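Colleague: I would like to see how this sequence folds:
(2 chains)
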Amino acid sequence: MSDKVLLDYGSGGKASQRFIGELFLKHFDNPELRRLNDGAVLSVGAKIAVSTDTFTVDPIFFPGGDIGALSVHGTVNDVAMMGAQPRYLTCGFILEEGLPIDDLTRIVESMGKAASEAGVWIVTGDTKVVPKGAADKIFINTTGIGEVIIDPAPAGDLARPGDAILISGTLGDHGLAILSTRQGLSFETPVKSDCASLNHIIVDLLKSVPDVHVLRDPTRGGLATTLNEIAIASNVTCEIIEDDIPVRPEVKGGCSLLGLDPLYLANEGKFICVLPEAQVEAALALVRKSPLGVDARRIGTVTAVDKPGQPGRVLLKTGLGGKRLLGMLEGEQLPRIC
Amino acid sequence: MSLELLDQFHDPDLCKSVLERLNAALTGPLRFMEVCGTHTVAIFRSGLRSILPKEIIHLSGPGCPVCVTHESEVNAFLDLAENPKVIIATFGDLMRVPGSKSRTLKAAQADGARVEVVYSPPDALKIAAANPDAIVVFLGVGFETTAPGVAASLKMAKAQGLTNYRVLSFHKIVPPALEALLGDPETDIDAFIMPGHVSAIIGLEPYLPVASKYGKSAAIAGFEPLDILQALLFLAECKRDGRAEVVNLYRRVVRDQGNAKAQAILAEVFTPSDALWRGIGNIPGSGLEISDAFAAFDAKREFGITITECPPLPGCKCGDVLKGKLAPNLCPLFGKACTPAKPVGPCMVSTEGSCAAYFKYQVD
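Modeller: Okay, here's the model as predicted:
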């Protein structure tokens, strides 16, 4: 193999075969992929959950992860949020001609490791190489297939007045890690992405705590946007308490420097759980047992909308005891003038 | 400043005790205006607005630099963005500001315009150095706070012999706008909270006419809830006692004489001029043009840009909101034809605009 990705590698000919064999098969190896068929034949339980996502993150390597690990964690988490145990992934790569093979190897290796930790097989895939400039280094699409373990699955429209709102850990880590790397900023205490697969902790939760109404991972748009989606879909008010929302001091500091709000920053290893009051203690105790959930907290309560016919919304009780709206993110967060 | 120290400025118990003293000092309604987008957002975001005594009426003046950038100025930089030789370098919050035909830099970028979001003017110099075939134009929008940094970038460009860097200066200065407000017989404002960042540059002295000429009190304040409550307490006490005073309550950042270095660089690089304020119109002496000594870096001269006032938007009441005559939610367009997603007027444009803050944070 050359030290850079060549257009030949996407030709479908011998160069492609060597490329796939020496790189992807090596790191993703499993019996189904090894057959190198046009697709995969799989068996899963009666009901399956499917989710797809495409990853274009820039930079492709960032503190705490890379685009490869993220492409596994992101889709695994989306499948898990559907109340399913993720089993299989497919992946599609769009590679820019000239991408260093070392970089690609690091990414593929990291995907293989993430998949094995999450307990999923990457069963089929595709690579395309496009001329220099036609794509930015590497784009990855993954589709995940999971076995539904709880039916009906938790869903965004099932939050009910009286339910408690839990978060599995600190907010804003991934978003700030990406933005600060992109801007070439470094902080005294380095900010690391939280990207991780949550399927094990989710499956444990669903198997031992009944009646989980909503599970969502607050990725793009952050906690604020995801809670608004839940409030609107369920037609309820989500009341959350500012002082109870876990944010690392270094993330708080970095955000105040850059004029960002951690409640709107992406997370890649956190989930929101909405469930009846009676299950709160059991759920928190279980989630906190996992290293991915040590900072889990209850952050609020679901209440009925103030006036009938009014759309669902999110209210934030501030540290001062005041109340304000916590709206949805409009577009991307932009740095301010002053 | 350490985060721990800053934490004390939103300590709920301290705030509660100042709030009690504030309640006791009030003898009737207190209509106060802040003229700083950061204050606007701080008051809404901290929830302070929802716990202030009902006698206190919060008005947001023309303190958000993005909001007061006139639509004809926005049109000018949108036109410039279409020049294939130009790379626009800008602070992020100008990206979504619509010109008079609802165009934005974001849309121009999607159409192929070269637009780079930067965190500081020196970043724009780096872009200029890396793109010798292009002319990099930094959009100089902001008050006394940001203008010194832009001025410094011009001096750096001159020292480095960088010939492809330009600034399009639409900078504005705060004191003439205050005078314009106070001179308007229709405005009804009891007192002012003065912008912390702007005051760090200009100091206390430019605000003295607020008391001496117009008989109103003003307090320079920081941005934490306790800063704002202390300023309100001072303003309420002044009103109770029939005094008019201007005071600096942000001593951990603002010196009474301001920042002499920053003032000197402003005087060296810019000359005062008239300027158009969105929603208000022309305010004499409220703008900063690039001085003759730096003419070679002036985008207005290079591209022959002149700014003429275009008619105000039909139905938009932003002028009245900025002058404290109308609450945001009482504008007929508010939340209907005019939302943060599709802003009509300046106050809805920036996240720091009074209408946008009201829309985003106000519960009732």
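
Colleague: Check whether B:T40 really touches B:Y358, as I assumed.
Modeller: No: B:T40 is beyond contact range of B:Y358, at 9.1 Å (criterion: C-beta atoms under 8 Å). Quick note: C-beta positions are derived from backbone N, CA and C, even for glycine.

Colleague: So for those two, which sits in the more crowded spot?
Modeller: Neighbours per residue, other C-beta atoms under 10 Å in any protein chain shown: of B:T40 and B:Y358, the larger number sits with B:T40, 29 against 24.

Colleague: is any part of whatever helix or strand the more buried one lives in close to chain A?
Modeller: In the assignment (DSSP states H and E), B:T40 maps to helix B:37-45. Yes: contact of helix B:37-45 with chain A (C-beta under 8 Å from any C-beta of the partner chain) involves B:37-38, B:44-45.

Colleague: Which single one of those residues is nearest to A:G293?
Modeller: When those are ranked by distance to A:G293 (C-beta to C-beta), B:R45 comes first, at 28.8 Å.

Colleague: give the contact list for the closest one.
Modeller: By C-beta atoms under 8 Å, 6 or more residues apart in numbering or on different chains, the contact set of B:R45 is A:318, A:324, B:361.

Colleague: Out of those, flag the one nearest to A:G133.
Modeller: For the contacts of B:R45, the nearest to A:G133 is B:Y361 (43.2 Å; C-beta to C-beta).

Colleague: In terms of pLDDT, where does the closest residue to chain B within the stretch 51-200 of chain A sit?
Modeller: Taking C-beta to the nearest C-beta, chain B has its nearest neighbour within the stretch 51-200 of chain A at A:Q183, 6.4 Å off. The per-residue pLDDT reported for A:Q183 equals 76.

Colleague: Do I have it right that it meets B:Y119?
Modeller: Yes: if you go by C-beta under 8 Å, A:Q183 and B:Y119 touch, sitting 6.4 Å apart.

Colleague: Who has more neighbours out of the two?
Modeller: Legend: neighbour count by other C-beta under 10 Å for A:Q183 and B:Y119, higher for B:Y119 (17 against 14).

Colleague: outside of the helix or strand encompassing B:K155, which residues touch it?
Modeller: For B:K155, the element it lies in under DSSP H and E is helix B:147-160. Applying C-beta under 8 Å, 6+ apart, the external contacts of helix B:147-160 come out as B:120-122, B:124-125, B:128-129, B:138, B:140, B:142, B:162, B:165, B:167, B:169, B:171, B:173, B:201, B:259, B:262, B:265-266, B:268-270, B:288, B:290, B:294, B:297.

Colleague: how about the nearest residue to the residue of chain B found nearest chain A, chain neighbours excluded?
Modeller: Nearest residue of chain B to chain A: B:G47, at 2.1 Å (C-beta to the nearest C-beta). Excluding the flanking residues, the one nearest B:G47 by C-beta to C-beta, 6 or more residues apart in numbering or on different chains is A:G322, at 2.1 Å.

Colleague: can you pull out the strands in the stretch 101-250 of chain A?
Modeller: Along the stretch 101-250 of chain A, the stretches classed as strands by DSSP state E, counting those that start in this stretch are A:121-130, A:138-148, A:164-167, A:214-216, A:236-241.

Colleague: Now the common contact residues for A:Q183 and B:Y119.
Modeller: Listed as contacting both A:Q183 and B:Y119 by C-beta under 8 Å, 6+ apart are A:L258.

Colleague: doesn't B:P176 make contact with B:G285?
Modeller: Yes: using C-beta under 8 Å, B:G285 is in contact with B:P176, at 4.8 Å.

Colleague: Thought A:L325 was touching the residue of chain B closest to chain A, still the case?
Modeller: No: contact criterion C-beta under 8 Å: B:G47 and A:L325 do not qualify, at 10.3 Å.

Colleague: Am I right that B:C238 is in contact with B:E245?
Modeller: Yes: here B:C238 reaches B:E245: they are 5.7 Å apart, a contact under C-beta under 8 Å.

Colleague: shared neighbours of the two, anything?
Modeller: With C-beta under 8 Å, 6+ apart as the test, B:C238 and B:E245 both reach B:S217.

Colleague: Please enumerate residues in contact with the host helix or strand of B:L168?
Modeller: Element membership for B:L168 (DSSP H and E) is strand B:165-169. Strand B:165-169 is contacted by residues B:76-77, B:80, B:124-125, B:128, B:135-140, B:150, B:153-154, B:157, B:270, B:287-290, B:297-300, B:302, B:305 when judged by C-beta under 8 Å, 6+ apart.

Colleague: Cross these against strands and list the overlap.
Modeller: Of the contacts of strand B:165-169, the ones assigned to strands by DSSP state E are B:135-140, B:270, B:287-290.

Colleague: packing partners for the top helix by length along chain B?
Modeller: Selection of the longest helix in chain B by residue count, based on DSSP state H, yields helix B:225-241. Judged by 3 or more C-beta pairs under 8 Å, 6 or more residues apart in numbering or on different chains; DSSP states H and E, helix B:225-241 is in contact with helix B:12-25, strand B:30-34, helix B:37-45, helix B:48-51, strand B:191-194, strand B:217-220.

Colleague: Ok, which of those comes nearest A:R35?
Modeller: Nearest of these (C-beta to C-beta): helix B:37-45, 56.7 Å.
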